[in-house]
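J.: would you be able to build a 3D model of this:
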Amino acid sequence: MSANRAAWLYYLDCYKGSKLRLTATLSASVALSFLSLPLILLVRYIFDTVLPKGDFRALFLCALAILAASVANSAVAFWIRRSSLDITKKVILDLRAKLIARLFELPAEYFGRHERMALHSIIVQDTERVDVMSNALVAEVLPAVMVSVTVAIVLLSV
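T.: Numbers count the residues shown, from 1 in each chain. Purely as a prediction, here's the structure:
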């Protein structure tokens, strides 16, 4: 098994305790894509029916509905972002704790002054890179893939 494959498997294994929450976050991402559907239909209804009739009461009600849908959309998007950050920050915290525990297992002779500074730099910078990658993966890429697959399925069924 290649080193990259082993590293990816180890990385994915870090998310084992968050499977349910990660699934809920991805499901909410799919639901978020469907929350934009009422907005589109309301705007269409306004231009096709309400404006030609000059019905300002219906226009006001549609505007309230658009506002409510936008607030719901924003609330779900906020929850998705917050949940994905909680998941990734927990994984990175556990990863850093494992790295520190592994360093304590090494013999004292392993560490010289220069090596300690290099090790500190590597641990901090590499885990920061993994953190940024994890945030992008969990908060942006996976939801985008889920939404794309869902939209593709809907388009193919239509």
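J.: helices of this protein, start to end?
T.: Listed in chain order, the helices of the chain (DSSP state H) span residues 3-13, 19-45, 51-53, 56-105, 113-136, 142-157.
J.: those into CSV, with extra columns for mean pLDDT?
T.: Putting these into CSV (pLDDT from 0 to 100) gives the following:
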stretch, mean pLDDT
helix 3-13, 86
helix 19-45, 85
helix 51-53, 91
helix 56-105, 90
helix 113-136, 83
helix 142-157, 82
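J.: make TSV from those helices and add mean neighbour count to it.
T.: C-beta here means a position set from N, CA and C on the backbone, and glycine is covered the same way. Conversion of the helices of the chain to TSV gives the following (neighbours: other CB atoms under 10 Å):
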stretch	mean neighbour count
helix 3-13	10
helix 19-45	15
helix 51-53	11
helix 56-105	14
helix 113-136	13
helix 142-157	13
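J.: mind listing what Asn135 touches?
T.: Residues touching Asn135, when contacts are defined by CB atoms under 8 Å, 6 or more residues apart in numbering, comprise 84-85, 88.
J.: mind doing that once more with 10 Å?
T.: With contact taken as CB atoms under 10 Å, 6 or more residues apart in numbering, Asn135 is in contact with 81, 84-85, 87-89, 92, 141.
J.: Ile122 versus the residue positioned nearest the centre of the chain, what's the distance?
T.: Compute the mean C-alpha point of the chain, and by CA atoms, centre = their mean the closest residue is Ala139, 1.7 Å away. As judged by CB to CB, to the nearest Å, Ala139 and Ile122 stand 25 Å apart.
J.: go on, Val154?
T.: If you measure Val154 against Ile122 using CB to CB, the figure is 46 Å.
J.: next: Pro52.
T.: Using CB to CB, one gets 66 Å for the distance from Pro52 to Ile122.
J.: same question, Ala7
T.: In this view, Ala7 and Ile122 are 15 Å apart by CB to CB.
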